[in-house]
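> Model the following, please.
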Amino acid sequence: MPSASPLPPDTEWISPEGVILGDLACIACGYNLRSCGATDQCPECGESVAIAVRERWARDQRKPWVERYGEALLVLASAAIYVAATWLL
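Model (predicted):
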């Protein structure tokens, strides 16, 4: 049974050979993983580069409206707290 590819599909920031083309920070130490292999370990701390690759890919897949929706909820909650605090005082 063939194993699943560690590389996410359709990523323009990874070369066909599996080399990181853009800036990508290691999730453990923040080292810039540009030009590292996507299946290697971070040269600074030894953390798996694949973890950072999967996290970046998942972040890229998020819909922009989801983040805006979260920000809108935060603004509404802050406004509600402000109104309640002013009304109580």
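> average pLDDT for stretch 70-78?
If you average the pLDDT over stretch 70-78, you get 87.
> Next: stretch 20-31.
Computed over stretch 20-31, the average pLDDT equals 89.
> nearest residue to Gly28 other than its sequence neighbours?
For the record, residue 28 is Ala, not Gly. Glu47 (3.9 Å; C-beta to C-beta, 6 or more residues apart in numbering). In short, each C-beta sits where N, CA and C put it, glycine included.
> what's the distance between the longest helix seen in the chain and the middle of its chain?
Taking DSSP state H as the criterion, the chain has its longest helix at helix 64-88. Relative to its chain's centre, helix 64-88 lies at 25 Å (C-alpha atoms, centre = their mean, to the nearest Å).
> all numbers from here: first residue = 512
With 512 as the first residue, the last one maps to helix 575-599.
> Who are the contact partners of Gln552?
By C-beta atoms under 8 Å, 6 or more residues apart in numbering, Gln552 lies in contact with 558-560.
> Neighbour-wise, which one of those leads?
Most neighbours among the contacts of Gln552, by other C-beta atoms under 10 Å: Val560, with 23 neighbours.
> Could you tell me how far that residue is located from Ala588?
37 Å (C-beta to C-beta, to the nearest Å).
> same check, this time on Ser546
43 Å.
> still on that earlier bit, list of residues touching the longest helix of the chain?
Contacts for helix 575-599 (C-beta under 8 Å, 6+ apart): none.
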